[in-house]
Structure formats: C-alpha cells, structure tokens
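# Any chance you can model this:
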Amino acid sequence: MTGAPLVAVLDYGSGNVHSAVKALIAAGADARLTRDRSLVLDADGLVVPGVGAFDAVVTALREQRGDELIGRRLAGGRPVLGICVGMQVLFEHGVERGADTPGLGEWPGAVTELDAPVLPHMGWNTVQAGEGSRLFRGLEDERFYFVHSYAAQTWTMDAQRPFAEPVLTWSEHGVPFLAAVENGPLSATQFHPEKSGEAGIRLLANWIDGLPQTNL
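Residues are numbered from 1 along each chain as shown. The predicted structure is shown next:
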C-alpha cells in the first residue's frame, strides 16, 4: 500500500464531525474535514455525517451544494458513506414532527418515526448483518451505538446494474429498521461508527479497505 486512502468528510455545518475524522484516521484513512469541491469529488472516499433534524440537514447540504457533489461522485462510481441523518437524507423524503421534507432521493422510501415505547433510541444495540456484507465482515456479533428517533423501516429498491443486490442490515427498537445499507458505491449506517468503540473503528476500516485509491 503506497499510502493511506484519502477520505473527505463533508463540512456543511453538521455537528460531531471531528469525532468522525478522528475515527477515520484511527481506522487507517487520511481523513480531512473539507468544503473544497475538488477534494470532495476526487478523494478516494467521501463521508457524509449528520446529526439533528432531517429538514435542517437537507437544507444545510443543499446550501453547500452537497447534494450535487454526492450525486456526481455516485454517477462516477465513487464511494460515499452516510452516517446517522447522513443516511436518512439519502431516501426520498423524511416525515418529522408533521413536516414531510424531500430528501436526496438516492434510495426510494421514507424515513419515519419509530413506533417504540421509548424515544429516542439511544445506546448500544445489536444488528443483523446482511449476507455478504463488507462493512460487517468479522463484526456480525458486535453492538453499535445509536441515537435516533427516526429511521427507514422498509426497503423497496431492487438491484440496479451493474451493481449487485443491495446488502441490508437490520436492527430493532420497537419495530425493525434499517441499520445499514450497502448499495454499490453508496453505503450508510444509521448508528454512529465513531461512537461505537473498537467495533466502529473496525467497520470504518472495512469500508476504507474497499476504497479504490487514485493516488492523489
């Protein structure tokens, strides 16, 4: 290996980004928090973090033209990883506190409130990793850290050539929900790898190991 893969962490005003950068570095990446469009487009991988309300994250992303950058990367088959609300906004829309907000539309479906006795879903939980998962390789029995009240609870998209069938990983809090999706160059986790201790670092390392390096 000639050097650590370059991973851009999209700086669009979301909180908790510095812990994501530190976790990516610990996982073996040359991680940089940036708004530089060229760096975001050309990096080996792009991470889109997200905390807070769906509509606020979508608005902030669009103000920084992050939606365009994500779309351009994916059109070229360049890897993107969304985290928490950074996963949620990849769906068609989010329904939160009575507001129905359009998302980025990379995946069909809605993000809705969990039907659970206690919200938010906060703390460690198990996942059921999808067959053939790269993200969860060697981590099938681990627990990950969640902080959320909303999630995608259904999946309706079939495989799209040239990509293989999406790998879906589920968890449960009151109801089943998507804990992670691996769909060609686009992956995402509802939990926070950067808050999930050694298991989270190993998951990020699995993602980083799959990045095609461009030797920038």
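# mind checking pLDDT for A164?
The score at A164 is 79. That number is its pLDDT.
# and E198, how many neighbours?
E198 has 10 neighbours, counted by other Cβ atoms under 10 Å. For every residue, glycine as well, the C-beta is placed using N, CA and C.
# residues in contact with the strand or helix carrying it?
Here E198 sits within helix 197-209, counting by DSSP states H and E. With Cβ atoms under 8 Å, 6 or more residues apart in numbering as the test, helix 197-209 has contacts from 5, 7, 23-24, 26-29, 45, 79, 81, 134-139, 142-145, 187, 189, 191-194, 196.
# looking at the sheet around E172, what are its partners?
P176 (DSSP bridges).
# In terms of pLDDT, where does it sit?
For E172, the model assigns a pLDDT of 98.
# measure it to E140 for me?
16 Å (Cβ to Cβ, to the nearest Å).
# Which one of the two is surrounded by more residues?
Of the pair E172 and E140, E172 is the one with more neighbours under other Cβ under 10 Å, namely 15 against 12.
# Return the residues in contact with the spatially most central residue of the chain.
The C-alpha lying nearest the average C-alpha coordinate of the chain belongs to G82 (Cα atoms, centre = their mean; 2.0 Å). Applying Cβ under 8 Å, 6+ apart, we find G82 in contact with V47, V48, G50, V89, L90, L186, S187, A188, T189.
# Report the lowest-confidence entry in the residues you listed.
In terms of pLDDT, G50 ranks lowest among the contacts of G82, with 92.
# what about that residue, how many residues close to it?
27.
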